[in-house]
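Asker: fold the following.
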Amino acid sequence: MCVTVTLVVQWSEVTRLEKNATLVFPESVRVSTRHSEHFFSMFININDTFRLMEQLANIAMRQLLDNEAFAADRSLPKACKTLKNVSALKR
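Answerer: A predicted model of the protein is given here:
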């Protein structure tokens with residue numbers, strides 16, 4: 001009996017990527033998200049796979065930061081105005 005498991009992790013949820021070497025997983029990649037951690041192992045070429053994972057995570061972060069909804073988020077602090085020609089006592 002063969003069981004196939006599919007795990008989908010959104011790249012925008014990834015908070016950390018690490019290459020690990022432990023007794024349980026000799027060469028593995030640890031993917032940490034906001035809510036969980038996942039270990040992946042048994043790669044043909046772990047270095048190429050890890051570099052690709054880093055690139056995909058960076059692209060996802062770039063897209064998230066370029067998103068207009070992110071820029072319009074009202075919960076983020078606004079840039080403060082600089083005070084010009086105001087004495088030190090008034091500041």
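
Asker: what's the spacing between Thr49 and Glu18?
Answerer: Using Cβ to Cβ, to the nearest Å, we find Thr49 at a distance of 13 Å from Glu18. No exception for glycine: its C-beta is placed from N, CA and C like everyone else's.

Asker: oh sorry, the question was meant for Leu56
Answerer: 15 Å.

Asker: what sits up against stretch 50-61?
Answerer: With Cβ atoms under 8 Å, 6 or more residues apart in numbering as the contact definition, stretch 50-61 has outside contacts at Gln10, Trp11, Ser12, Val14, Leu17, Lys19, Val29, Val31.

Asker: name the nearest residue to the last one, ignoring sequence neighbours.
Answerer: By that I understand Val31. Among residues not flanking Val31 along the chain, His38 sits closest, at 4.8 Å (Cβ to Cβ, 6 or more residues apart in numbering).

Asker: over to the one you found. Which of the three states is it?
Answerer: strand (DSSP: H, G, I helix; E, B strand; the rest coil).

Asker: hang on, it packs against Arg30?
Answerer: Yes - counting by Cβ atoms under 8 Å, Arg30 is a contact partner of His38 at 7.3 Å.

Asker: more neighbours, the two?
Answerer: Arg30 (16 against 13; other Cβ atoms under 10 Å).
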